[in-house]
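Only the shape, not the letters, is given here:
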């Protein structure tokens, strides 16, 4: 395995799809693409399972949703803080060299949490054990980095690859909680966590074994500035933060609205419709050639998302029907994937060479921070205004995301 201080691998990436209409079939015809995608999907799927599995496991054993929520929130914050540092190591030393040991550490943390819950350890040990989950590598970011390496110079093919990755994210976060709840409910409370660990470890090992498609590591360069200081990145990351607030507030407010209607059990299915709309839109978006550069499309996508986010409020206020709300969330979700795909494309364009994993992980960190703040804001709004009026929170977050998107467009780096 090459040391990070040696000269980067100069072996050219596999040839990108030929010019013309880009399809998913042609994309996955690239040598090694199917293998690393399969491993990454297996590794990524548990990301939608871990939180709900921990909540069910802890609340079912300790009888406290407050404790369960605090433990999972601690892991989320820790991952947001540690994630960029892990990604920087990935850029510097290579994906396989860092991702495998980082995943082992994360898996040990989840197993330690399981044992602490199972054998009645003090509450503080749950927090200490779950902190190790902060080492979880950004598997989605590593997959996008491989596509950027393989498709260097082919913007249309990279657009299709990024769209597929976003659809995969939505699918994992849509089905993950359902699978986790099923395992914990039908087998035993720790089943969701245990299966998540096995899937994550298996997927990362398969992904890391695909060395032919791995981007070469980049030796540390003091002259390479951090992605945080790259031109156009700060407003873009603020937009990601506000976008995360949409997701966090929508989840809390929708659960509260369903509970107020006497059908709290349906909340997960209603929220899954939003992810389904985004997943479908992402696949369609990737199958079409983008109209114009990403920095021009991004504010348009965010504006469309802000407009469509009014639909859940209208459905809740005018009908009070969960069925109508589900339809509104399905349509509103169709703006999510194009916005995320375009934003990630801009991250890839603006991140300095050799820091791509770090740049994309910073975007994910922004999303996680937004989800946490959006959840808090949505909960406060439900308490003070009621669940229907609280749908103004995701609208406000979407409008907030539009402001830095517009600013980033006005101040965008000029093309030569």
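Great, that's in hand. Predicted model only: the values in this text are computed from it and were never measured.

quick one: the strands in the stretch 51-200 of the chain?
Counting by DSSP state E, counting those that start in this stretch, one finds no strands in the stretch 51-200 of the chain.

low pLDDT regions in it?
Scanning the stretch 51-200 of the chain for pLDDT under 70 picks out 65.

Can you check what pLDDT the model gives residue 205?
We note a pLDDT of 95 for residue 205 in this prediction.

Could you number the chain from 20 rather than 1 from now on?
All set: I'll call the first residue 20, so the last point we hit is now residue 224.

Surely it is in contact with residue 119?
Yes - using C-beta atoms under 8 Å, residue 224 is in contact with residue 119, at 6.8 Å. Quick note: C-beta positions are derived from backbone N, CA and C, even for glycine.

What is the three-state secondary structure of residue 373?
With DSSP: H, G, I helix; E, B strand; the rest coil as the basis, residue 373 sits in coil.

phi, psi of it?
Residue 373 has phi and psi values of phi 80, psi 0 when expressed as degrees, to the nearest 10.

How about it, nearest residue that isn't a chain neighbour?
residue 237 (3.2 Å; C-beta to C-beta, 6 or more residues apart in numbering).

Which strand or helix spans residue 286?
helix 286-305 (DSSP states H and E).

Tell me the helix or strand right after that helix.
Going down the chain from helix 286-305, the next helix or strand is helix 313-327, by DSSP H and E.

Remind me what that next one packs against, helices and strands.
For helix 313-327, the elements it packs on are helix 252-279, helix 341-351, helix 355-369, helix 411-429, judged by 3 or more C-beta pairs under 8 Å, 6 or more residues apart in numbering; DSSP states H and E.

change it to 7 Å
Other helices and strands packing on helix 313-327, by 3 or more C-beta pairs under 7 Å, 6 or more residues apart in numbering; DSSP states H and E, are helix 355-369, helix 411-429.

Would you check that residue 49 makes contact with residue 169?
Yes - using C-beta atoms under 7 Å, residue 49 is in contact with residue 169, at 5.9 Å.

Please say which of those two ends up with more neighbours.
Set residue 49 next to residue 169 and count neighbours by other C-beta atoms under 10 Å: residue 169 wins out with 25 against 21.

Distance of the more buried one relative to residue 304?
20 Å (C-beta to C-beta, to the nearest Å).

Also residue 277?
Applying C-beta to C-beta, the value for residue 277 to residue 304 is 29 Å.

what about these two, which has more around it?
More crowded of residue 277 and residue 304, by other C-beta under 10 Å: residue 304, with 25 against 22.

pLDDT score for that one?
Per-residue pLDDT puts residue 304 at 79.

residues contacting it?
Going by C-beta atoms under 7 Å, 6 or more residues apart in numbering, residue 304 touches 182, 356, 357, 360.

Contact partners for the closest residue to residue 65 other than its chain neighbours?
Using C-beta to C-beta, 6+ apart and skipping residues adjacent in sequence, the residue nearest residue 65 is residue 215, 3.8 Å away. Residues in contact with residue 215 (C-beta under 7 Å, 6+ apart) are 65, 68, 69, 72, 129.

circling back: next, give me the two most distant ones among the contacts of residue 304.
182 and 357 (8.2 Å; C-beta to C-beta).

follow-up on the earlier one: counting neighbours, which of the contacts of residue 215 comes out on top?
Of all the contacts of residue 215, the most densely surrounded is residue 72 (31 neighbours; neighbours counted as other C-beta under 10 Å).

Grab the nearest non-local neighbour of it.
Per C-beta to C-beta, 6+ apart, closest to residue 72 is residue 211, 3.0 Å.

ok, now which ones touch that neighbour?
68, 72, 75, 76, 199, 202, 203.

8 Å instead, please
Neighbour list for residue 211: 68, 71, 72, 75, 76, 198, 199, 200, 202, 203 [criterion: C-beta atoms under 8 Å, 6 or more residues apart in numbering].

Among those, the buried ones, what's the PyMOL command?
Here is the PyMOL command that selects the buried residues among the contacts of residue 211 (16 or more other C-beta atoms under 10 Å):
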select buried, resi 68+71+72+75+76+198+199+200+202+203
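
Closest one to residue 105 out of the contacts of residue 211, please.
Closest to residue 105, out of all of the contacts of residue 211 and judged by C-beta to C-beta, is residue 68, at 20.2 Å.

from the contacts of residue 304, which single one is nearest residue 57?
Nearest to residue 57 among the contacts of residue 304 is residue 182, at 18.2 Å by C-beta to C-beta.

ok, for that closest one, nearest residue in space, not its chain neighbours?
residue 305 (2.5 Å).

I'd like the distance from the one you found to residue 201, if you could.
To residue 201, residue 305 is 30 Å away according to C-beta to C-beta.

Compare the two and say which is more crowded by neighbours.
residue 305 (25 against 12).

residues touching the more buried one, list them.
Contacts of residue 305 (C-beta under 8 Å, 6+ apart): 43, 178, 179, 180, 181, 182, 183, 186, 360.

OK, contacts around residue 164?
114, 234, 375, 376, 379.

and the helix or strand the fourth one falls within, what does it pack onto?
Here residue 376 sits within helix 375-404, counting by DSSP H and E. Helices and strands in packing contact with helix 375-404 are listed as helix 84-112, helix 158-169, helix 252-279, helix 355-369, helix 411-429; criterion 3+ C-beta pairs under 8 Å, 6+ apart.
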